[in-house]
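Novice: show me how the following folds:
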Amino acid sequence: MKPRAITVGVPVRELDAAIRWYQAAFDLGEPDQRPMDDLAEFDLGAFWLQLAQAPELAGHEGISINLSIENASAQRETFAANGLEVGPLHHFEGVVDFFELTDLDGNKIGFVTELS
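Specialist: Numbering: from 1, shown residues only. Below you'll find the model as predicted:
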């Protein structure tokens, strides 16, 4: 089996507020798809980001999103400068730099740069 696409689903309390937050945080345009009233999907190239209105699930542990990026340290500073909630940068010498961004519902999104 070879998957053709990956969709990462993120439960949110209020869909319109979450759309605005993700648009601002990741410099996104309008959602690429709104297949149902309680779903919004963004085509991010390597994967699809699906925001699903599910207040009972939003912000609970269990979801794991980690994005591999070119420079975690610089991206962390950009998020912090934009007033977003970011955790500390963890540097593992010769392995990775890693930090987490917390969305408005408490979901954590990890950002990692491989150093080897």
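
Novice: need the helix or strand of the chain with the lowest average pLDDT.
Specialist: strand 65-68 (a mean of 85; mean pLDDT, DSSP states H and E).

Novice: and Glu28, what does it touch?
Specialist: Wrong residue type there; residue 28 is Leu, not Glu. The contact partners of Leu28, taken as Cβ atoms under 8 Å, 6 or more residues apart in numbering, are 22, 42. All C-beta spots, glycine's among them, are computed from the backbone N, C-alpha and C.

Novice: measure it to Asp97 for me?
Specialist: Using Cβ to Cβ, to the nearest Å, Leu28 is found at 24 Å from Asp97.

Novice: give me the residues contacting whichever helix or strand comes after the least confident helix or strand of the chain.
Specialist: Toward the C-terminus, strand 65-68 is succeeded by helix 72-81 as the next helix or strand (DSSP states H and E). With contacts defined as Cβ under 8 Å, 6+ apart, helix 72-81 is touched by 25, 69, 86, 89, 96-99, 101, 111-113.

Novice: CA atoms of the longest helix seen in the chain as CSV?
Specialist: The longest helix of the chain (DSSP state H) is helix 15-26. Provided in CSV are the C-alpha atoms of helix 15-26 (Å, rounded to 0.1, in the frame of the first residue of the first chain):
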residue,chain,number,x,y,z
LEU,A,15,-14.4,26.2,13.6
ASP,A,16,-14.5,29.8,12.3
ALA,A,17,-12.2,31.0,15.1
ALA,A,18,-9.8,28.1,14.5
ILE,A,19,-9.8,28.8,10.8
ARG,A,20,-8.7,32.4,11.5
TRP,A,21,-6.1,31.3,14.0
TYR,A,22,-4.5,28.8,11.6
GLN,A,23,-4.7,31.3,8.7
ALA,A,24,-2.8,33.8,10.8
ALA,A,25,-0.3,31.4,12.4
PHE,A,26,0.6,29.6,9.1
